Every structure is written in structure tokens, then in C-alpha cells.
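Engineer: One predicted model, sequence on top.
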Protein chains: 2
Amino acid sequence: MAQIDETHDPGRRSWVASADGHPDFPVQNLPLGIFTPPDDSGPRAGVAIGDSILDLEALADTGLLSGETARAAQAAAGAALNGLFALGAGPRRALRARLSELLTDGSGAADQLRPLLHEAAPCTLHLPARVGDYTDFYVGIHHATNVGRVFRPDNPLLPNYKYVPIGYHGRTSSLVPSGTALHRPHGQRKAPDEAAPSFGPCRNLDFELELGIWIGPGNALGSPIPVAEAGEHIAGFCLLNDWSARDIQAWEYQPLGPFLAKNFGSTLSPWVITPEALAPFRTAQPPRPASDPAPLPYLADADDQQTGALALDLEVYLTTPLLRESGHAPVRLSQSSTRHMYWTAAQLVAHQTSNGCNLRPGDFLGSGTISAPEPTGLGSLLEMTQGGRAPMRLVTGEERRYLEDGDEVILRAHARRDGFVPIGFGECCGMVLAAR
Amino acid sequence: MAQIDETHDPGRRSWVASADGHPDFPVQNLPLGIFTPPDDSGPRAGVAIGDSILDLEALADTGLLSGETARAAQAAAGAALNGLFALGAGPRRALRARLSELLTDGSGAADQLRPLLHEAAPCTLHLPARVGDYTDFYVGIHHATNVGRVFRPDNPLLPNYKYVPIGYHGRTSSLVPSGTALHRPHGQRKAPDEAAPSFGPCRNLDFELELGIWIGPGNALGSPIPVAEAGEHIAGFCLLNDWSARDIQAWEYQPLGPFLAKNFGSTLSPWVITPEALAPFRTAQPPRPASDPAPLPYLADADDQQTGALALDLEVYLTTPLLRESGHAPVRLSQSSTRHMYWTAAQLVAHQTSNGCNLRPGDFLGSGTISAPEPTGLGSLLEMTQGGRAPMRLVTGEERRYLEDGDEVILRAHARRDGFVPIGFGECCGMVLAAR
């Protein structure tokens, strides 16, 4: 489990001026990603610091790294972080400690490193790793309850929900980095009052607010990862917008689950927020109602119960063509928190591998939609508009049941705790384009 | 669509003596795969011919290939066929034609090629490609009916079944080649008479008889593949055993579909049977009952309706420790046919991409379990033993509800048609080991 150390010292300031007070990337964060500079010199690993990106490949050539930190930077060479993820927590932690030293004011390395900084805004950010497999879980208990209530008002959660971290396999080919616009998908949909389905553009396009989890070393087929060791296999976190075509989903999903309703595109925020950066923001699992069953032994670990949950503030923003034309900032639709996850990231890893299924470096897990219990904290339009029956009215006067063409959804996450410098995930955004 | 040509001439015999009359790999087949010779000199592409494998990489160095055929062989260099799949049908067809010439008796190349042949038995066969994404469909209508009957005796098929080629995402990390033994998985299961679930070894371990489909060039995100063009994106076929933990499945699968019940391992036969090899065995889609809806336009193509189905004989064999000890050959459990697929491979490709989802070279599709309408043609023990309620008795006197430790399941497929040399897929086999 990552510890709080000097890299979290709120007194540390960076010689990169934009880092101090930066809402996402102060020197206490140091997230990893893959970027291409505007000169198009090819994708490579980098570290976000303020409004800049430090070229990690170029750093490895300076002689400022050695031993484990050099090994970590070398593993990150190329256009994906899979190699670094495979090394596990030790080298990643060492690299963080060294990056923190080098980027802190007074390190003496500023003159040498300044040429390795790229202004972030004109850079292209990519997916940080090649994803071998992607699992989407369903651990937002308020979301599961809200969705279940539509079908079973008296008994919204299925009997397995509080025993099984419910999840299903997602599609990796259509995972895209933040900023990628997606066309409204076509598909089969059948309204209850229609005699037969028809094929056409999705009518009920939605977003889903999720936490993403990057997998580190992983396990061999047939060798489960115990929950107490699961933390060692988590390489980092990001945001995930699991775009959902609700009308396609309703018609296709029985009996084998969602498919084309989801795999036309899923958007990831590009920066990998490490477990080390999030160490101060770990928290105990919220107490469960006394009537809830205890987790089965393979999911139960005392340390995980005490520190396995994350306290991250989540937000959803929306812009529309009319909002943009009228000069409005994006409007906030929702405020939620990762504290509303019924299972921890470690429990997801333990469950996923409990049958011997193998995780590989760069595999990806989604949490499922994280809604708060309050109506101001819902993680999807399905919940906010009650399946489209209660449209929301925006400040422009326009209404929304579901997403319209030209709408852009922006997810944000921040970690805050008294005595620590807040850090953020950067944006996870995507625009809806008209169906082709 | 692949055409019948001189490579299918039943008069063609090979100078590789074991090829003539070989049940799977006569010179009319020429399937592609990845193998490692017993000298452990590393995995490489090969072609099965009789009891031998021709080293395709070594062939590329002989000067016997040129132009398109050389390009195809070079694309197959390395330990995976993804590069060859990406080239599409043209180079693959050219390579087949040249291989057929070279391996036919009287070609004059025998002396030069004989040193490039490896005895197949001691070679290790691998998965033929790196699988980016794997979709498992559910197009065996008799299987879907049999399974549905357990839950809904009066209305076994859900309303979407005859409109939507139902499918869901599978796990790629745990795909294994034929011959890989798998440990019985652990998992949560709850019998109807148990108050709460428990975690332990699967009690109801099953197999599933499926056709596998390898994807060729594929499509860009947002650009569907029309059904009329789908054939160009199919690189070949194999057999798939979709091992299934029925007790885990029953407890976990709602509302998002099967997950840990499936992803502990899925077994593929290693040889890629090309669309060219199967050209003589294409057939019209079986006529649908007049009460069935017509396929929606995006799934309808006249050519596909006339020649898009495959007539392959499928078989399931079982051995048990007692059968082996008593010197019995594997016993045949089932005889089915790919004619019982409700949707064609082209329809699966068109459906999968209809929302813009992108397929990549080496992606993999499973058909879903293919049962025949007769009780002698069922594709899973769930169906054969009616969910374990009607155990089957083997020749040794032992009974089977589900698979026991030490049992081995063998799937076979053969294509037969008057006037043509029959070809086969080779075996898809796997043994069940005790839970760890």
C-alpha cells in the first residue's frame, strides 16, 4: 500500500511556475502519460507538471536518473506505458521520488530540464497503454439501485449484488483518449409501443461517470491474486466515460448483457494518477448497513477495509452548441464521489482473478457508474431525467432528455484533504457528432 | 466470396505422402498456424500438410515465392498471423494457390521443400494470432432454445433473438491453444436451496461446441462494414471450446451477462482454415420459418443468403480417466453442424460493426454453442443432461452430469461434399485438472 511521504509535502513548490496552485498537476501529483509534441516527433512517455509535460524519454538520456529510476524510465520508452506498469510499484515509486526532487524548486536541475518541457496545450495525448482486456464493473451501488428501480421498484438490487462485484467484459478496440469526438451510433431499437425493431441513429445517447483502474504486473492464468496483494497490481487511475446508447441497450441486452450499446466508443482521461499520488486520499470503506452480508473471505482484507477506498470528488459538466454560442461556461450536471463504490479496487482485482483469469500489464477496469445518493450527484442522464421522462432545463432554456449532437461531456476528479495539496485527474471530455 | 478453383481439384495429390487421405490436412486444405519445432528454435508460421508442417518462414527464403505470395509469407513472419490477416483475401488466396502448386505431386519442388517440413506431432502449436478483442455470439438457435426452455418453457427464445445476432464481449487473456490443460475454477455459487453463496471449486463444469472466426483487415472506428463486404474481413475459421462454469454463471450473470463463469479459459484449435479452403462447402442459409421476421436491411444480402452459410460436420468426444485406463477410445457425445447457425459469419461482422465498433486484424468471434435439433447433436452437457438432472452413462458404467477432473473434451470439424476431398479442422482438445 502506498505510503504518505515527502513527495506529498505541501511545502514543496516547483520551479515550473504553472505547477503551484494548478488545479490538477502540482508537483505533488506527477501523473504519467503518452504524448506527441506539436512538432509531430512521435509519441513518448511524459509527466504532467502544471501546464507543461516533461519528456520522460529525454529525461532518461540526461544522466539525472540511475538504477531503479533509470530502469523505470527506460521501461516507459516507446508509445505505451505497459512496460512500466509491468515493473510494479517499486520502480514506479522510485521514479516518482526522483521526479519530485528534480521538479521541486531549488533542485538545481531546472536549467537542464527546462528544454525537456513541452507546453501541454498543443500536445496530443494518447491512451497511456495498449489495453489487452477491459472489464467494466458495476460497483456504484446508488446507480445500480436507481437503474434497478426502473424494473423492480420494490426490490431494485438483484440478490447477487451485495455478494458479487458484478462486472462484464468491455471492448478495447474502441477505447479512445479524451478529446476524441464520437459519432452517434446506429443500432437496433424498439420502443415499447413499436411492434418491431428498426435500425437507425441512437435516440437515447447517454454518458456514464466512472473511475478507471490501470493494471500493473498481473498474474499467470490459473493463479488468483489474493485481495491483500491486489494493491501491488494497480498501476494507477483515470476517468472513464462509458458512453451508452440506452435504446439499443434496452433491446439487445438480454440475456448476455450490453454489447453494441457500449462498444462504439469509451473515453479515458489520458493521465495515469498513480497509487503513490493518491496515498493521502485513501480512506476506510464506508460502513455497510448491518443487514448487508459480510464480504466472502476471498474479498475480505482488514487493511483494504481500513484504507482501500478512495475519497475523490467527481464532477460532470455539459456544454451544448447553444451554451457555447452564448458564451456560457460548461454547466455542472453532477457532483459525486468514489466513496460510493460498494467494492474497492483491490476487491475488483481479487474477484476478477479469483477463478484463475489472468490480468496483464495495461489491462483496464472500469468501476461502473458512480452516482451519489443525492439527486445532485447522479452519474448518468438515465438517472437524472428518469429515463427521459423528466427532461432537465439548461440555463439557455433548452431541454435535455439525452445527449444531442454537438453536446460535449466533461468529467473531472479531484482529491482533497486538509493539510495536503489538492490534485486532479485532468479532463475526460468528448463531443457527440451527428450520426454518419 | 472465395471461389472454387483448381486448388480444390480432387485429382490433386501431394508428394507429402501422409497428406493423401489425411482426415484433416490433404493438399486441398492448407491451413495456416504458428508452431514451434521440437528443437525449440522459436515460434513461426507454418502450413499443415498431412502429418507435417511446412515452415512458411523458411519457404519465404527459398526464392520459390515472389510478388504477392512473397508479400503474404513475409507478413506472416514472426510469431503471429496478424500481419497476414491484415492483408486481406488477395495475398492469402495467391499464397494458397502457390502452396497448392508447390505441394502437389510433380511440382518439382519436393527435393527443395522436404527439408522445410517438420513432423507435426512433436511440434508445439500456438494461438495463430494475437487477439485484440474477442466477441462470443449466441447464434446456435437450438442451443438458445434449449437453454431458454429451462427458464421460460412456453417462450424459450427472447423477443430480440430473431432480430439481433446476440453477442457479448469475451476475455482475450485466457484464450489458450488446443492441448492446454485447465484447472477447475473457483467461484461464487449458490444452489437454489442454499441461503447464501459460498466460494469454492466449480461443481458444474461444462464445455461448449463453437465455431471460431478470425478477422482480417477490419474497419476504422465509426465506419461500419456492410454485410455485402463482410466476407472480405474474414481471415479464417477454427473450433472453440467455451468452457463454462454453470453454477458460477447462474449466480453471477444478472444483469450484465456471464463473466467469471467463462474467462478462466477458452480453447481454440490452432489451425486457421481459410475461406478459400472452405469455398466448396458454402451453402445457402437454411430457410427460416415463415413466421420468423426477415433480417433487417443492414443484415440482409442476397449473395450471403445464397452462399453465406457453412456445411461443416461438428463432433464432440470425451475421454475420462477410466476410459483411458480401460483402453477405450474417446466416446462421441454429439454430432452437430454449422448449418444450425441462425446468422452467418458475414452477418456477425456486419452486426458487430453496425454501430461503428472497429474490428482489427486478429480479432476473434465465437459463434456460440451450436446444437442440432436432435438429442444426439447437443453442444453442451447443460443440454445433454438437462442441467445435471439426467446424468449420462458411459460405456465404462460411470455417470456424468458435468465434467470431472481428468476428463478431456475433444472437438472436431469436417467439411464433406460429393466430388470434393473432405478436409478437417484438426482437434480442439483440453483436459480438466483438479482445482488448485
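Structural biologist: Right, received. Where do you want to start? Predicted model, so just to flag it, every value in this text is computed and none were measured. Residues are numbered from 1 along each chain as shown, chains lettered A, B, ... in the order given.

Engineer: can we go C-alpha only for contacts and neighbour counts from here?
Structural biologist: Will do.

Engineer: For the worst-scoring helix or strand of chain A on mean pLDDT, which outside residues touch it?
Structural biologist: Across the helices and strands of chain A, the lowest-confidence element by mean pLDDT, DSSP states H and E is helix A:141-151, at a mean of 91. Defining contact as CA atoms under 8 Å, 6 or more residues apart in numbering or on different chains, one finds that helix A:141-151 is touched by A:138, A:155-158, A:340-342, A:369-373, A:378-379, A:382-383.

Engineer: in that helix, what counts as buried?
Structural biologist: A:141-148 (16 or more other CA atoms under 10 Å in any protein chain shown).

Engineer: which helix is the longest one in chain A?
Structural biologist: helix A:89-103 (DSSP state H).

Engineer: Where do the domain boundaries of chain A fall?
Structural biologist: Taking automatic domain parsing as the reference, chain A has its domains at A:6-125, A:134-433.

Engineer: could you point out where the stretch 1-150 of chain A is predicted with low confidence?
Structural biologist: For the stretch 1-150 of chain A, the stretches flagged by pLDDT under 70 are A:1.

Engineer: Kindly report the residues of it close to chain B.
Structural biologist: A:132-133 (CA under 8 Å from any CA of the partner chain).

Engineer: hmm, back to that, in PyMOL, how would I select just the buried ones from the contacts of helix A:141-151?
Structural biologist: In PyMOL syntax, the buried subset of these is picked out as below (16+ other CA under 10 Å):
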select buried, chain A and resi 138+157+340+341+342+369+370+371+372+378+379+382+383
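
Engineer: Pull the residues that contact stretch A:424-436.
Structural biologist: The contact list for stretch A:424-436, computed with CA under 8 Å, 6+ apart, reads A:23-25, A:29, A:177-186, A:201, A:238-241, A:267-273, A:403-415.

Engineer: switch to 7 Å and redo it
Structural biologist: A:23-25, A:178-185, A:201, A:238-240, A:267-269, A:271, A:273, A:405-415 (CA atoms under 7 Å, 6 or more residues apart in numbering or on different chains).

Engineer: Derive a ChimeraX selection command for the buried subset of the residues you listed.
Structural biologist: To isolate the buried ones among the contacts of stretch A:424-436 in ChimeraX, judged by 16+ other CA under 10 Å, type:
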select /A:24,25,178,179,180,181,182,183,184,185,201,238,239,240,267,268,269,271,273,405,406,407,408,409,410,411,412,413,414,415
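
Engineer: Around chain B, which positions in the stretch 201-350 of chain A sit nearby?
Structural biologist: A:221-222, A:251-252, A:255-260, A:263-264 (CA under 7 Å from any CA of the partner chain).

Engineer: As TSV, these with secondary structure and neighbour count would be great.
Structural biologist: Output for these, formatted as TSV (DSSP: H, G, I helix; E, B strand; the rest coil; neighbours: other CA atoms under 10 Å in any protein chain shown):
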residue	secondary structure	neighbour count
A:221	coil	22
A:222	coil	22
A:251	helix	21
A:252	helix	27
A:255	coil	22
A:256	coil	22
A:257	coil	23
A:258	coil	28
A:259	coil	24
A:260	coil	30
A:263	coil	26
A:264	coil	29
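
Engineer: thinking again about what came up before, which secondary structure elements does the longest helix of chain A sit against?
Structural biologist: Contacts defined by 3 or more CA pairs under 7 Å, 6 or more residues apart in numbering or on different chains; DSSP states H and E place helix A:89-103 against helix A:67-75.

Engineer: Just the CA trace of the next helix or strand after the helix it packs on, in CSV.
Structural biologist: Once the chain leaves helix A:67-75, the next helix or strand it forms, by DSSP states H and E, is helix A:82-87. Extracted as CSV, the C-alpha positions of helix A:82-87 are listed here (Å, rounded to 0.1, in the frame of the first residue of the first chain):
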residue,chain,number,x,y,z
ASN,A,82,2.8,-1.3,-20.4
GLY,A,83,6.5,-1.9,-19.7
LEU,A,84,6.5,0.5,-16.8
PHE,A,85,3.2,-1.0,-15.5
ALA,A,86,4.8,-4.5,-15.6
LEU,A,87,7.6,-3.4,-13.2
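
Engineer: And the helices in the stretch 251-400 of chain A?
Structural biologist: Secondary structure of the stretch 251-400 of chain A (DSSP state H, counting those that start in this stretch): helices at A:302-307, A:321-325, A:345-353, A:381-384.

Engineer: for these, which one ends up most surrounded?
Structural biologist: helix A:345-353 (a mean of 26; mean count of other CA atoms under 10 Å in any protein chain shown).

Engineer: Spit out the contact partners of the residue most central in space within chain A.
Structural biologist: For chain A, residue A:239 is the residue whose C-alpha lies nearest the centre (CA atoms, centre = their mean; 2.2 Å). Contacts for residue A:239 were tallied using CA under 7 Å, 6+ apart; they are A:210-212, A:268-269, A:428.

Engineer: how about it, secondary structure?
Structural biologist: Secondary structure, DSSP: H, G, I helix; E, B strand; the rest coil: residue A:239 is strand.

Engineer: If it is in a bridge, with which residues?
Structural biologist: On the basis of DSSP bridges, residue A:239 is bridged to residue A:211.

Engineer: show me what contacts residue A:55?
Structural biologist: A:45-47, A:116-117.

Engineer: Wait, residue A:103 touches residue A:13, no?
Structural biologist: No: at 8.4 Å, residue A:103 does not count as touching residue A:13 under the criterion of CA atoms under 7 Å.

Engineer: Skip the chain neighbours and tell me the closest residue to residue A:125.
Structural biologist: With CA to CA, 6 or more residues apart in numbering or on different chains as the criterion, residue A:125 has its nearest non-adjacent residue at 4.5 Å, and that residue is residue A:35.

Engineer: so the one you found sits in a strand?
Structural biologist: Yes: per three-state DSSP, residue A:35 lies within a strand segment.
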